[in-house]
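> Fold the stuff below for me.
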Amino acid sequence: MGNRLFASLIASILLCWLSVAAAAKPTVSLRCYQAADPVKCFVDLARTKLGRVTNADDRADVIGDILYTLSFSASRDAALKDEALELSTSGSIRPVKQMDLLYALDIYASATEESADQTYSSALRHFSALEKQLSGGALAELYMSACMVITWDDPFRDRWIGFARSVCTPEKLHAINPDSVGQQAIILAMLPIAMTLQENPDGFMGSAENALSWLDKVEKIAAKSRKKDEKLFASYMGILMHTLNALCLDVFDASEAADREIDVSLKVLRNTEKQVGISSRSTYLRRQVVDTLFNAGRTEDARKLLQQMLVRVDGDPAGKVISLSEQVAIQLQAARISHEERLDWMQTCTPDGSAAI
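A predicted model of the protein is given here:
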C-alpha cells in the first residue's frame with residue numbers, strides 16, 4: 001500500500017508539471033524545467049544576457065543577483081566576483097548598489113570559501129562610512145536595502161539578520177529627513193519591517209496600520225488621476241506594503257492574515273497589468289508577489305505567475321518590452337525557486353536521511 005501511495009504521489013507531481021508545461025509552448029526558459037539541472041540551465045540563460053547590460057546600476061544588480069543565485073549551489077565564477085569587487089567601489093553606481101554588491105559578495109564567499117570574515121567586515125565598514133555620508137533619499141535607500149535582509153533565503157538571512165536588527169530600527173528610520181513623497185513612502189513601508197526585526201508585534205500593527213492609511217489616500221488620488229506614473233506608484237507601494245506585511249504576519253504566526261495580504265497584492269497586480277501588461281513596468285511587482293506566494297506555500301499560484309513571465313522573456317530577445325536586466329532577474333528567480341522546490345521534494349521523499357533513488 002505504501003509503495004502504491006508513493007507512486008501515486010510521484011505521478012501526481014509529474015502530471016502537474018506536464019500540465020503546466022503543456023499550457024504554454026515549451027520555450028527556451030520553460031525547457032529548463034526538464035533539464036537535468038534546472039538551476040544551472042536558468043543561470044546559464046541569465047549569463048548570456050549580461051554582456052548586453054551596459055547601464056552601471058543595472059549591471060550591478062545583475063551581477064549581484066547572479067552571485068547570490070550561484071551561492072545556492074556553491075558554484076564559482078571568478079570573473080564575475082572580480083567585476084563585483086571593482087564595481088562595489090566605483091562612483092559610477094549608486095551607494096545602495098555598492099552595498100548590494102558587497103552583501104552578494106559576502107554571501108557568495110560564505111558559500112564557496114572556507115572563511116568569509118573579510119567580506120563581512122568589509123561590507124560592515126562600507127555601510128558605516130555610507131551611513132555617515134548620506135542623507136535624505138540616498139540614506140533611505142541604504143536603510144531599505146538593510147531592512148530587506150528579512151526577505152533573503154536561509155541561511156543567508158541568518159548570516160545578516162543581526163546586522164539588519166541593528167540598522168533597520170524605528171529610531172533610524174524616523175531620523176531620516178525625506179526629500180520627496182517617494183522617500184517618505186519607502187520609510188513608511190520599512191517601519192513595519194523594523195518593528196518585526198525588533199520582535200514587537202504591537203509596534204508592527206501600529207506602523208502597518210499607519211502605512212496602509214497613507215496608502216489608502218494615495219490609491220484614491222491615483223484612481224482619479226489620468227497619469228500612468230501616479231497609478232503605477234500607487235501599485236508599487238501597494239504591492240510592496242502588502243507583501244511585506246504578509247511576511248511580517250507570517251513571522252508572528254498569523255498565517256490567515258498573511259494570506260489576506262497576499263490576496264490583496266494579487267488583486268493590485270492584476271489591476272496594474274490591465275494597464276501596462278507584463279512588461280518592465282510590472283515585472284518587478286510580479287516578482288515580489290511570486291516570492292511571497294512561494295514562501296507562503298502557494299506554489300501553484302507562484303509557478304503560474306513566474307512561468308507567464310518566462311514565456312514573455314523568451315518572446316522578447318531584444319528586451320523591448322521587458323528590459324534585459326529584468327529578464328535576468330526573472331530567470332534567476334526561476335533558478336532559486338527550482339532549487340528550493342528540489343530541496344523540498346528531497347526532504348519529503350527522503351525523510352530521516354534515507355537514500356533517494
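
> need the helix or strand of this protein with the lowest average pLDDT.
helix 2-23 (a mean of 43; mean pLDDT, DSSP states H and E).

> Can you name the next helix or strand after that helix?
Counting by DSSP states H and E, the element after helix 2-23 in chain order, helix or strand, is helix 38-50.

> Quick one: list the elements packing against that following helix.
Contacting helix 38-50 under the criterion 3 or more C-beta pairs under 8 Å, 6 or more residues apart in numbering; DSSP states H and E are the following elements: helix 56-70, helix 324-349. (C-beta placed from N, C-alpha, C; glycine too.)

> Export it to PDB, keeping only CA atoms.
As requested, the backbone C-alpha atoms of helix 38-50 are provided in PDB (Å, rounded to 0.1, in the frame of the first residue of the first chain):
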ATOM      1  CA  PRO A  38      17.200  23.300 -14.000                       C
ATOM      2  CA  VAL A  39      19.100  25.700 -11.700                       C
ATOM      3  CA  LYS A  40      22.200  25.700 -13.900                       C
ATOM      4  CA  CYS A  41      20.100  25.900 -17.000                       C
ATOM      5  CA  PHE A  42      18.300  29.100 -15.800                       C
ATOM      6  CA  VAL A  43      21.600  30.700 -14.600                       C
ATOM      7  CA  ASP A  44      23.300  30.000 -17.900                       C
ATOM      8  CA  LEU A  45      20.400  31.700 -19.800                       C
ATOM      9  CA  ALA A  46      20.700  34.700 -17.500                       C
ATOM     10  CA  ARG A  47      24.500  34.900 -18.000                       C
ATOM     11  CA  THR A  48      24.100  35.100 -21.800                       C
ATOM     12  CA  LYS A  49      22.400  38.500 -21.300                       C
ATOM     13  CA  LEU A  50      24.900  40.000 -19.000                       C
END
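
> any residues touching it, and which ones?
With contacts defined as C-beta atoms under 8 Å, 6 or more residues apart in numbering, helix 38-50 is touched by 28-29, 31-32, 35, 59, 62-63, 65-66, 69-70, 72-73, 75, 319, 324, 327-328, 331-332, 334-336, 338-339, 342.

> ok, the residue nearest in space to the middle of the chain - contacts?
Within the chain, the residue whose C-alpha comes closest to the C-alpha centroid is Q288; the distance, by C-alpha atoms, centre = their mean, is 5.8 Å. Contact partners of Q288, counting by C-beta under 8 Å, 6+ apart, are I239, L240, T243, S265.
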